[in-house]
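>>> Build me a structure from this.
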Amino acid sequence: MERKNLSELPLEGFVRLPVVLRVLDIGKTTWWCGVREGKFPKPIKIGTRTARWNVKDIRALIEKYTEEAVNGK
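This is a model prediction of the structure:
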């Protein structure tokens, strides 16, 4: 997973899926598979068809995968 456009990610708050996908540079299908498998954080539902992700969760995910890449896991 390559990180791109990290400047699009605010320091705190919530973001929509398109921002998450751009920052992590992955596709929508890959993202939703990862959510179902528990690899990626689940969304916070704020309406019947509206979801957001906590920026803290996305930053923790980035840190986890960066650490694994550095440590060779």
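>>> for residue 38, phi and psi?
In terms of degrees, to the nearest 10, the main-chain angles of residue 38 are phi 90, psi 10.
>>> Need the pLDDT of it.
Per-residue confidence at residue 38 stands at 97 (pLDDT).
>>> How about residue 18?
Looking at residue 18, its pLDDT is 96.
>>> any idea which helix or strand carries it?
In this assignment (DSSP states H and E), residue 18 forms part of helix 17-24.
>>> Run the angle between the helix or strand that that helix is followed by and helix 17-24 for me.
Remark: after helix 17-24, the chain's next helix or strand is helix 28-37, criterion DSSP H and E. Interaxial angle, helix 28-37 versus helix 17-24 (axes from the mean of the first three to the mean of the last three Cα atoms, to 10 degrees): 100 degrees.
>>> contact partners of the next helix or strand after helix 28-37?
As assigned by DSSP H and E, the chain's next helix or strand after helix 28-37 is strand 44-45. Applying Cβ atoms under 8 Å, 6 or more residues apart in numbering, the contact partners of strand 44-45 are 14, 51-54. Using the backbone N, CA and C atoms, a C-beta is placed for each residue, glycine as well.
>>> Out of those residues, name the ones that lie in strands.
Among those, DSSP state E puts 14, 51-54 in strands.
>>> Closest one of those residues to residue 40?
residue 53 (8.8 Å; Cβ to Cβ).
>>> Pretty sure that closest one sits against residue 14.
Yes: counting by Cβ atoms under 8 Å, residue 53 does reach residue 14; the two are 6.4 Å apart.
>>> neighbour-wise, which of those two wins?
More crowded of residue 53 and residue 14, by other Cβ atoms under 10 Å: residue 53, with 21 against 17.
>>> Please tell me how far that one sits from residue 70.
Per Cβ to Cβ, to the nearest Å, residue 53 is found 24 Å from residue 70.
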